[in-house]
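Novice: have a look; sequence and predicted model below, questions after that.
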Amino acid sequence: MSDPRNLDTVVVGRIGRPHGVRGDVTVEVRTDDPDLRFVPGATFRTDPAERGPLTITGVHWHSGTLLLRLEGPDGRALDSREAAESVRNTELLVDVADLPPLEDDSFYDHQLVGLSARTPDGTVLGEVTAVQHEAQDLLVVRRTEGADVLIPFVSAIVPTVDLAGGFLVVDPPEGLLEL
């Protein structure tokens with residue numbers, strides 16, 4: 001079977017442990033708007049592909065954790081702890097084409113990963129390999145020497161993102177690249 005994850009899909013969640021005995025699963029949310037993305041009737045491609053597609057039949061929050069009730073690819077409800085365990089660690093995917101457009105100066109992670117990172121004078125620093133969302137967004141740049149460096153994704157340090165050109169400009173404050 002072919003890998004369902006490619007440039008045409010993004011991960012919006014990962015199924016965690018079962019919750020209770022009736023088939024509810026916890027979800028590690030990887031989308032900015034879970035209340036719009038995770039609704040009854042929504043169907044997701046999966047990684048691994050053979051576990052899906054999965055369709056949401058119920059949604060609720062419990063102590064800050066998203067809980068889903070799901071229906072499997074055969075149309076049967078995952079209505080037991082064992083059934084919920086069978087989809088644990090499954091990533092939920094959506095097509096990039098189904099993502100809503102963003103405002104100017106906002107980017108999806110998949111748009112940034114793979115861009116060349118350059119200094120203002122054009123010197124190549126490396127390639128963006130990931131985006132970390134912590135207290136602030138950080139670009140993980142694999143330096144040409146092989147070591148990773150974390151770059152705060154703020155306009156003062158990353159003044160230019162050129163998706164069409166395949167690069168972004170990093171204007172680091174003194175010492176940032178030596179950390």
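Specialist: Happy to help now that I have it. Just so we're clear, the structure is a prediction, and the values are computed from it rather than from any experiment.
Novice: what residue of this protein is the furthest out?
Specialist: residue 121 (31.4 Å; CA atoms, centre = their mean).
Novice: surely that one is within a strand?
Specialist: No - membership of residue 121 in a strand is not supported by DSSP: H, G, I helix; E, B strand; the rest coil, which gives coil.
Novice: list the buried residues of the worst-scoring helix or strand of the chain on mean pLDDT.
Specialist: Sorting the helices and strands of the chain by mean pLDDT, DSSP states H and E puts helix 109-112 at the bottom, at a mean of 85. Buried positions in helix 109-112, judged by neighbour count with 16 or more other CB atoms under 10 Å: 109, 111-112. Glycine gets a C-beta too; all of them are placed from N, C-alpha and C.
Novice: from residue 145, how far off is the residue farthest from the centre of the chain?
Specialist: Between residue 121 and residue 145 the computed distance is 18 Å (CB to CB, to the nearest Å).
Novice: please apply the same query to residue 101.
Specialist: 37 Å.
Novice: neighbour count for these two, which is higher?
Specialist: Taking neighbours as other CB atoms under 10 Å, residue 101 and residue 145 compare with residue 145 leading, 8 against 5.
Novice: element containing the more buried one, please.
Specialist: For residue 145, there is no enclosing helix or strand under DSSP states H and E.
Novice: any idea how far the residue lying closest to residue 130 once chain neighbours are set aside lies from residue 95?
Specialist: Take residue 130 and drop its neighbours on the chain: the residue closest to it by CB to CB, 6 or more residues apart in numbering is residue 140, 4.1 Å away. Shown here: residue 140 relative to residue 95, a distance of 25 Å by CB to CB.
Novice: between these two, which one's more packed in?
Specialist: For residue 140 and residue 95, the more surrounded residue by other CB under 10 Å is residue 140, and the numbers stand at 17 against 10.
Novice: in whichever helix or strand the more buried one is part of, what's buried?
Specialist: Following DSSP H and E, one finds residue 140 within strand 137-143. Neighbour counts over strand 137-143 (16+ other CB under 10 Å) mark 137-142 as buried.
Novice: what of stretch 151-168?
Specialist: Taking 16+ other CB under 10 Å as the criterion, stretch 151-168 shows 151-153, 158, 161, 167-168 as buried.
Novice: nearest to residue 26, of those residues?
Specialist: residue 153 (28.3 Å; CB to CB).
Novice: which residue is the nearest non-sequential neighbour of that closest one?
Specialist: Nearest non-adjacent residue to residue 153 (CB to CB, 6+ apart): residue 137, at 4.1 Å.
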